[in-house]
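Colleague: mind folding the following:
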Amino acid sequence: MAYEIKKTEHTGAKQGKGFWGKKADAKKQSKKLRRSNDKQDTQQALSN
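Modeller: Numbering: from 1, shown residues only. Next up is the predicted model:
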């Protein structure tokens, strides 16, 4: 059954902008943004 269903990134608005596309497109977009943010965080941590 659906005992361990978790909400995906598609639930709700994307950082206040809202996303009206397909779920797969929302996940691709959010994955790119998350990885980009992680790279910036890593670079800042290494430069300090």
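Colleague: mind listing the helices for this protein?
Modeller: In the chain, the segments counted as helices under DSSP state H are 23-47.
Colleague: for residue 33, see how far away residue 27 is.
Modeller: Here residue 27 is placed at a distance of 11 Å from residue 33 (C-beta to C-beta, to the nearest Å). The C-beta positions use only the backbone N, C-alpha and C, and glycine is treated the same way.
Colleague: ugh, wrong one, I meant residue 46
Modeller: 21 Å.
Colleague: what do you get for residue 47?
Modeller: Distance from residue 47 to residue 33, counting by C-beta to C-beta: 21 Å.
Colleague: more crowded one of residue 46 and residue 33?
Modeller: Set residue 46 next to residue 33 and count neighbours by other C-beta atoms under 10 Å: residue 33 wins out with 13 against 7.
Colleague: ok, residue 22 to residue 32 distance?
Modeller: For residue 22, the distance to residue 32 - C-beta to C-beta - is 16 Å.
Colleague: quick check, pLDDT for residue 40.
Modeller: The model reports residue 40 with a pLDDT of 93.
Colleague: quick one, what contacts it?
Modeller: Under the criterion of C-beta atoms under 8 Å, 6 or more residues apart in numbering, residue 40 has no neighbours.
Colleague: what number of residues lie near residue 28?
Modeller: Residues near residue 28, counting by other C-beta under 10 Å: 13.
Colleague: one more: the one 4 residues further on?
Modeller: If you count neighbours by other C-beta under 10 Å, residue 32 ends up with 10.
Colleague: how near is it to residue 48?
Modeller: 25 Å.
Colleague: with residue 38 instead?
Modeller: Taken as C-beta to C-beta, the span from residue 38 to residue 48 is 16 Å.
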